[in-house]
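In: need a structure here:
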Amino acid sequence: MPVAVPIVAGTAIRGIAATVMMRPVLERHPNAFLITLANFGVTMPMERSQEHLHDDIQKGLAEQGRAPDAPVVLVGHSQGALACLRYAIDHQDQVLHTISVGVPWRGSLSAARISRLLRWTGRNLTPALSDMAEGSSFLTDLHRDLPEIADRVTNIYSTHELFIRPYVAAHIDTPGVENLLIATEDEYRTHLRGFPELPVDDLILGRITHLGEMNSPDVRAQIWARVEKITDDLRRQS
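Out: Numbering: from 1, shown residues only. Coordinates of the predicted model:
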């Protein structure tokens, strides 16, 4: 049986919006299933939302007739990618690989700004958005722990991340992580000149914004190529 692939959507992507946004990537794989973040990824701290992510993964596995600890390849977009990386670190025996797309690895200025604007009488009404702010304890811990699984992470990001400024804040600069950049040829040359310390392992030619990444045929092809390779490796080992 092919490996299960939970796909975790980002902030406020739920219901019909999540289904529409993720449908193209879900359709390519019979064992993929969609997960959305607890409380829209806004009002529950990301550390606490990990419990809901765990329950949703187990529910999806059960619906496919799998054991609760069956191996998975996690795919996450935006805030969902941060959640996947944390989950993979904490469940290393189960998560074979993690594919992060448009992850705010160095934080999201827009999320931090919204969180500050919505504070009321000193209360943090949007703790999950605060967790995406640069320097948050959640991101600090994630950066510290990611080397444990770095060789099992593929990271895809675009020169047009929109909500992540600068776009290279979506580059995971942890040794062992495979980084793929979505860019035109001119943008790629500019990237190499401007950020020689952030080399990429492969180039996806194109011009894609943050919201369109999961609908890109080229991004989907990269995701499923990795899933198929991992599935083949499992077959050979069995």
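In: which is the next helix or strand following the host helix or strand of Arg144?
Out: Using DSSP states H and E, Arg144 sits in helix 137-145. Downstream of helix 137-145, the next assigned helix or strand under DSSP H and E is strand 153-158.
In: just checking: what are the partner strands of that following strand?
Out: strand 95-101 (parallel), strand 178-183 (parallel) (DSSP bridges).
In: list the contacts for Met46?
Out: Applying C-beta atoms under 8 Å, 6 or more residues apart in numbering, we find Met46 in contact with Gln79, Leu82, Ala83, Arg86, Pro127, Ala128, Asp131, Met132, Phe138. The C-beta positions use only the backbone N, C-alpha and C, and glycine is treated the same way.
In: just name the most buried of the strands paired with strand 153-158.
Out: strand 95-101 (a mean of 25; mean count of other C-beta atoms under 10 Å).
In: circling back: I'd like the strands paired with strand 153-158 as JSON lines, with mean pLDDT and distance to Gly65 appended.
Out: Formatted as JSON lines, the strands paired with strand 153-158 follow (pLDDT from 0 to 100; distance: least, C-beta to C-beta, whole Å):
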{"stretch": "strand 95-101", "mean pLDDT": "98", "distance to Gly65": "19"}
{"stretch": "strand 178-183", "mean pLDDT": "98", "distance to Gly65": "31"}
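In: report the buried residues of stretch 62-80.
Out: Across stretch 62-80, burial judged by 16 or more other C-beta atoms under 10 Å covers Arg66, Ala70, Pro71, Val72, Val73, Leu74, Val75, Gly76, His77, Ser78, Gln79, Gly80.
In: now the second one: which helix or strand?
Out: Read that as Ala70. Assigned by DSSP H and E, Ala70 falls outside every helix and strand.
In: from Glu213, how far out is it?
Out: The gap separating Ala70 from Glu213 is 27 Å, by C-beta to C-beta, to the nearest Å.
In: also the first one?
Out: Distance of Arg66 to Glu213, given as C-beta to C-beta: 28 Å.
In: what do you get for the third one?
Out: Summarising the geometry, the distance separating Pro71 from Glu213, computed by C-beta to C-beta, is 25 Å.
In: in terms of helices and strands, where is Arg66?
Out: Using DSSP H and E, no helix or strand contains Arg66.
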